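Novice: pasting the structure only:
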Ligand code: SF4
């Protein structure tokens, strides 16, 4: 029987509850439903009324390829709206193996309380004093917790940024190698965890596979699933062999690679920071070209990047990060970029937000454009809880901009824009503007149809069809985020007629209740409804669905501008 | 006439030296793909001057061509 574990962080009490009103929900469907029903939309995100939900996907823990994703939800301290941040790592599968669909951290300890590590057992929870881990980086934190609780312990934790409740703090989840390189990055979920005095959550018990109602049907669907994923060139070859940074060159060719804080769509040194270059270095230095962020990923887009001495430096080194600390701030030294990625993971910071914050620091003249070493030094200030500069950088993009009077601020709903210039990839611009999450590419990845020719073709430079495209993708994405499957399965699913049906069949077989492809889409709609309703009640209006003012400037090489009004985009929200 | 041609990802091996090529006026993108020895179905995404085109697009003096196999990320 699936359960929900509620932990009161003010009293250090807990209860294992039946799912009740949340029966049948998982992942983003559970996190967003729970937040929208139980968190007052106008509450302070760092206060006792906010709740942090760690939700495992609907099929997670079962033998279905690439289904080990965790949805982390709360009211966001960065955007002030609802947030779900989706992350890999081992934690979600381990929760599922304890029959837990979710863990809810509630309340808030008194000021001055010692931080805690929460240890989840099969039917009990213990609270350990974590004073010795406070302000410690995530790599060392995970290492110490695994030394104490054993090799099999599964850990998620915050770093110094989360310890000090900085708006841009992430929650880092350890991968099967015990490396905390997977981030629930966006929207400051680490600050919410830090506000509840929780340094880390550890699962020691290995548990057992969650129930499957119809084993034969599940097996048949899971087999078809492998065929679908292994039969598509993107999920079978491109992602595992070249990682996500393969996008650097293609966005550069398309004229949509944001360069120098969104001043151009092309970067002269794109080749130096490309996925091709990274794969070459990984091979030469003895790293891992492909790796799963969790056991049972049949795509394996991750990798282990080694430094010049051949020593492990970072993994989960993604396109967004490479862009953010690369062309976005004019750094062309891939080793500097990798170090900035490592520092973000260790500090517990979102890389997209931090990279844009760094662009603001460069706009302000704190560091010169292109100075990777200077960026590294500035970022290290976040380790020092007493450093005012570290506090500012950890506050995110707009926080730095406000501190230094910068008006070229690439944020929507206070969250920084990712690695696609919305003027040259208009479909993803609609997503940035309208998703309840603030600027977020994953919420409706129109790049697939705008640039990559996956799931159809829609011209990226004109307005036609973009609103409809973004809307359809936002609905499908929400459902995928609920299922527990990695969003990257969508590249294969979009091009396969029975893709959605196959995912639905696995859900149906797992739970033994009818679940059709229509139900899948309706699930996505219901999630978006919950999220839009929460944001409306928190004070968001159509006026908040717009890109920053400087998007009216022309972007070379195509000399395009952002030309949607907020009214034109509202159809996305009529789900 | 001179054009710039870059082939990426698994097609990188087909890039002409220095990315520069001299082609006959009026050549189409498809013919260029053939000339480079790339199987036509191996090219999934084709750009000329940053705009997506098919295999029948005529090329002009100074064009910048980019070719990709099926790739994605995010
Ligand atoms: S495709 Fe990549 S991000 Fe997705 S589950 Fe696999 S390794 Fe993780």
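Specialist: Done, it's in. Please read these numbers as outputs of a predicted model, since none were measured by experiment. Residues are numbered from 1 along each chain as shown, chains lettered A, B, ... in the order given.
Novice: List the buried residues for the longest helix seen in chain A?
Specialist: Taking DSSP state H as the assignment, the helix of chain A that covers the most residues is helix A:517-537. Residues of helix A:517-537 classed as buried: A:517, A:520-521, A:523-524, A:526-528, A:530-532, A:534-535 (neighbour count, 16 or more other C-beta atoms under 10 Å in any protein chain shown). No exception for glycine: its C-beta is placed from N, CA and C like everyone else's.
Novice: tell me which of those residues is nearest to chain B?
Specialist: Chain B lies nearest to residue A:524 out of the buried residues of helix A:517-537, by C-beta to the nearest C-beta, at 17.9 Å.
Novice: just checking, that closest one touches residue A:483?
Specialist: No. Applying C-beta atoms under 8 Å as the test, residue A:524 and residue A:483 come out as separate, 9.8 Å apart.
Novice: Single out the residue in the stretch 51-200 of chain A that lies closest to chain B.
Specialist: Closest residue of the stretch 51-200 of chain A to chain B, C-beta to the nearest C-beta: residue A:86 (11.5 Å).
Novice: So residue A:512 sits against residue A:213, correct?
Specialist: Yes. When contacts are counted by C-beta under 8 Å, residue A:512 is listed as touching residue A:213 (2.7 Å).
Novice: What is the three-state secondary structure of residue A:176?
Specialist: At residue A:176 the chain is in coil, as set by DSSP: H, G, I helix; E, B strand; the rest coil.
Novice: cool, and residue B:5?
Specialist: At residue B:5, secondary structure determined by three-state DSSP is strand.
Novice: For it, which residues count as its bridge partners?
Specialist: Beta-bridge pairing for residue B:5 (DSSP bridges): residue B:65.
Novice: Now for it, how many residues are close by?
Specialist: Applying other C-beta atoms under 10 Å in any protein chain shown, we find 22 residues neighbouring residue B:5.
Novice: Next, residue 40: phi, psi?
Specialist: Because you didn't say which chain, this covers chain A. When read as degrees, to the nearest 10, the backbone of residue A:40 gives phi -60, psi 120.
Novice: wrong one, chain B
Specialist: Torsion angles, degrees, to the nearest 10, at residue B:40: phi -60, psi -40.
Novice: State the distance from it to the ligand.
Specialist: Noted for residue B:40: a distance of 29 Å to the ligand, by C-beta to the nearest ligand atom, to the nearest Å.
Novice: quick one: contacts for that residue?
Specialist: Each residue near residue B:40 by C-beta atoms under 8 Å, 6 or more residues apart in numbering or on different chains is listed here: B:30, B:33-34, B:55.
Novice: and the residue of chain B nearest chain A?
Specialist: Nearest residue of chain B to chain A: residue B:73, at 3.1 Å (C-beta to the nearest C-beta).
Novice: Helix or strand: which one has that residue?
Specialist: Per DSSP states H and E, residue B:73 falls between elements, in no helix or strand.
Novice: okay, now it: neighbour count?
Specialist: For residue B:73, using other C-beta under 10 Å, the count is 27.
Novice: Excluding chain neighbours, give the residue nearest to it in space.
Specialist: residue A:244 (3.1 Å; C-beta to C-beta, 6 or more residues apart in numbering or on different chains).
Novice: Next up, the contacts around the one you found.
Specialist: By C-beta under 8 Å, 6+ apart, the residues touching residue A:244 are A:275, A:301, A:318-320, B:73-74.
Novice: between the residues you listed, which has the most around it?
Specialist: The most neighbours of any of these, using other C-beta under 10 Å, belong to residue A:301, which has 30 neighbours.
Novice: For it, give me its contacts.
Specialist: Residues in contact with residue A:301, defined by C-beta under 8 Å, 6+ apart, are A:239-240, A:243-244, A:290, A:488, B:73.
Novice: Any chance of the contacts of residue A:244 in a markdown table with secondary structure, distance to residue A:569 and pLDDT as columns?
Specialist: Shown next, in a markdown table, are the contacts of residue A:244 (DSSP: H, G, I helix; E, B strand; the rest coil; distance: C-beta to C-beta, whole Å; pLDDT from 0 to 100):
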| residue | secondary structure | distance to residue A:569 | pLDDT |
| --- | --- | --- | --- |
| A:275 | helix | 32 | 96 |
| A:301 | coil | 30 | 96 |
| A:318 | coil | 27 | 96 |
| A:319 | helix | 25 | 97 |
| A:320 | helix | 23 | 98 |
| B:73 | coil | 25 | 90 |
| B:74 | coil | 21 | 84 |
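Novice: quick one on the thing from earlier: dump the buried residues of helix A:517-537 to TSV, plus pLDDT.
Specialist: Shown next, in TSV, are the buried residues of helix A:517-537 (pLDDT from 0 to 100):
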residue	pLDDT
A:517	97
A:520	97
A:521	97
A:523	98
A:524	98
A:526	98
A:527	98
A:528	98
A:530	98
A:531	98
A:532	98
A:534	98
A:535	98
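Novice: Select, from these, the two members most distant in space.
Specialist: Farthest apart among the buried residues of helix A:517-537 by C-beta to C-beta are A:517 and A:535. That separation is 28.0 Å.
Novice: Spit out the contact partners of the residue of chain B closest to chain A.
Specialist: By C-beta under 8 Å, 6+ apart, the residues touching residue B:73 are A:238-239, A:243-247, A:275, A:301, A:318-319.
Novice: which among those gets closest to the ligand?
Specialist: Proximity of the contacts of residue B:73 to the ligand (C-beta to the nearest ligand atom) peaks at residue A:301, which lies at 3.4 Å.
Novice: who are the neighbours of the helix or strand hosting residue A:356, in terms of helices and strands?
Specialist: Following DSSP H and E, one finds residue A:356 within helix A:351-363. When contacts are defined as 3 or more C-beta pairs under 8 Å, 6 or more residues apart in numbering or on different chains; DSSP states H and E, helix A:351-363 packs onto helix A:319-324, helix A:334-347, helix A:372-380, helix A:388-393, helix A:397-404, strand A:415-416.
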